[in-house]
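1. Take a look and give me a structure for this.
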Amino acid sequence: MTQSSNRIFDELARLATDAAGAAQGVRREVETVVRSQFERLIKDMDVATREEVEVLREMVLTARAENERLEARLKVLEERLAQSADPASSPAA
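-> The predicted structure follows:
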């Protein structure tokens, strides 16, 4: 009886081990399929990559700096124009 019960327990342990290995294989397969589906979905959505976002960020910062520089230049030119158009400041007055 002892010999047959050990054999039964060995078979049950082997069956459980095989089932666990099969479950891990199924899990890996499901993860692979889900990952590929998500990648395809994101690609179809035309989502920007991190590199594209960083390039755009740099372009925006450069454009903002240029706008501030041009705004300061415009202010100086407007002040000069206002001074030259002011009749009190003209030499003929």
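
2. Find the centremost residue of the protein, please.
-> Taking CA atoms, centre = their mean as the criterion, R50 is the residue nearest the geometric centre of the chain, at 4.6 Å.

3. where in the protein is pLDDT low?
-> 1-3, 87-93 (pLDDT under 70).

4. Longest helix in it, by number of residues?
-> Ranked by number of residues, the top helix in the chain under DSSP state H is helix 2-45.

5. May I see the buried residues of stretch 68-87?
-> By neighbour count on 16 or more other CB atoms under 10 Å, the buried set for stretch 68-87 is empty. Glycine gets a C-beta too; all of them are placed from N, C-alpha and C.

6. Make residue 1 into 27 and carry on from there
-> OK, 27 is where the count begins now, so the last one is stretch 94-113.

7. quick one, domains of this protein?
-> Following automatic domain parsing, one finds the domains of the chain at 27-73, 74-111.

8. Quickly find the element holding E104.
-> Using DSSP states H and E, E104 maps to helix 76-111.

9. where's that helix relative to the chain centroid, distance-wise?
-> Averaging C-alpha positions (CA atoms, centre = their mean, to the nearest Å) puts helix 76-111 28 Å from its chain's average.
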